[in-house]
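Asker: no sequence on this one, just coordinates:
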């Protein structure tokens, strides 16, 4: 009985250690990669990803903890040899289209892509009507 209790207690103490080991190292959030080409690719990718906490900043500019974790994930995956496009697709699959400043065209984002065009056409139509009335 004592042995089972001791092993259960040891297991409970080791669970947080295992959870920490599975998260990306926080040092990667602020430490550039050794290879300049990989760091450049990581930085370019980070500029195109939105911080889910700040929502107005990219993960490259944000000081939020989640943005730091995302920067670490990006650097970790690029250092492992993944292409930036694959990392971006993985983050979109994990966090949704909102994480990207350039969301793919789909059912949920068609309004985002068509709204500027529709607003431009409406503005041109209003301007045309205004100019006709002045003559």
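Answerer: That came through fine. Every value quoted in this text rests on a predicted model; they were computed, and no experiment measured them. Numbering: from 1, shown residues only.
Asker: what does the lengthiest helix in the chain contact?
Answerer: Secondary structure of the chain per DSSP state H: the longest helix is helix 110-134. For helix 110-134, the surrounding residues in contact (C-beta atoms under 8 Å, 6 or more residues apart in numbering) are 103, 105. Yep, even glycine has a C-beta here, placed from its N, CA and C like the rest.
Asker: same check, this time on stretch 82-96
Answerer: 41-42, 44-45, 48-49, 52, 70, 73-74, 77-78, 99-100, 104.
Asker: quick one, which of those residues are buried?
Answerer: Buried members of the contacts of stretch 82-96, counted by 16 or more other C-beta atoms under 10 Å: 41-42, 45, 49, 52, 70, 73-74, 77-78, 99-100.
Asker: among the residues you listed, which pair sits farthest apart?
Answerer: 41 and 52 (21.7 Å; C-beta to C-beta).
Asker: test my guess that residue 71 contacts residue 58.
Answerer: No. Under the criterion of C-beta atoms under 8 Å, residue 71 is not in contact with residue 58, lying 9.9 Å apart.
Asker: who's more crowded, those two?
Answerer: residue 71 (26 against 18; other C-beta atoms under 10 Å).
Asker: nearest spatial neighbour of the more buried one, skipping sequence neighbours?
Answerer: The spatial neighbour of residue 71 that comes closest, neighbours along the chain excluded (C-beta to C-beta, 6 or more residues apart in numbering), is residue 29 at 4.6 Å.
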